[in-house]
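J.: missing the sequence, but the structure's below:
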């Protein structure tokens with residue numbers, strides 16, 4: 001009995017790597033979304049995301065924490081979407 005199981009084909013190995021990459025992008029998206037939402041709540045209160053999240057305030061001004069978290073979140077969304085398209 002082998003100590004470990006090898007995937008049968010390179011195609012299956014690639015599929016497994018894609019699933020891992022998708023999970024990684026989901027984790028990064030979760031972290032960046034949480035950071036962005038936390039910053040909006042800190043600045044604008046409990047309803048900050050609802051009231052300001054998808055307007056100019058939610059993007060923040062250049063050099064602010066809101067802008068950095070917004071940009072990181074946007075990058076994470078793009079990476080996650082890319083991985084989802086690759087798996088389809």
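T.: Alright, I've got the coordinates. Quick caveat: nothing in here was measured; it's all calculated off a predicted structure.

J.: now the strands for the chain?
T.: Counting by DSSP state E, the chain has no strands to list.

J.: helices along that one, start to end?
T.: 10-44, 48-52, 56-59, 65-87 (DSSP state H).

J.: got these as a markdown table, with mean neighbour count and mean pLDDT columns?
T.: Placement of C-beta: from N, CA and C, glycine included. Shown next, in a markdown table, are those (neighbours: other CB atoms under 10 Å; pLDDT from 0 to 100):
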| stretch | mean neighbour count | mean pLDDT |
| --- | --- | --- |
| helix 10-44 | 15 | 85 |
| helix 48-52 | 16 | 96 |
| helix 56-59 | 16 | 96 |
| helix 65-87 | 16 | 93 |
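
J.: next up, the contacts around the nearest residue to residue 29 once chain neighbours are set aside.
T.: Computed as CB to CB, 6 or more residues apart in numbering, the closest residue to residue 29 that is not its neighbour in sequence is residue 76, at 4.2 Å. Residue 76 makes contacts with 25, 28-29, 31-33, as judged by CB atoms under 8 Å, 6 or more residues apart in numbering.

J.: just the closest of the residues you listed to residue 71, please.
T.: Taking CB to CB as the measure, residue 32 is the one of these closest to residue 71, at 9.1 Å.
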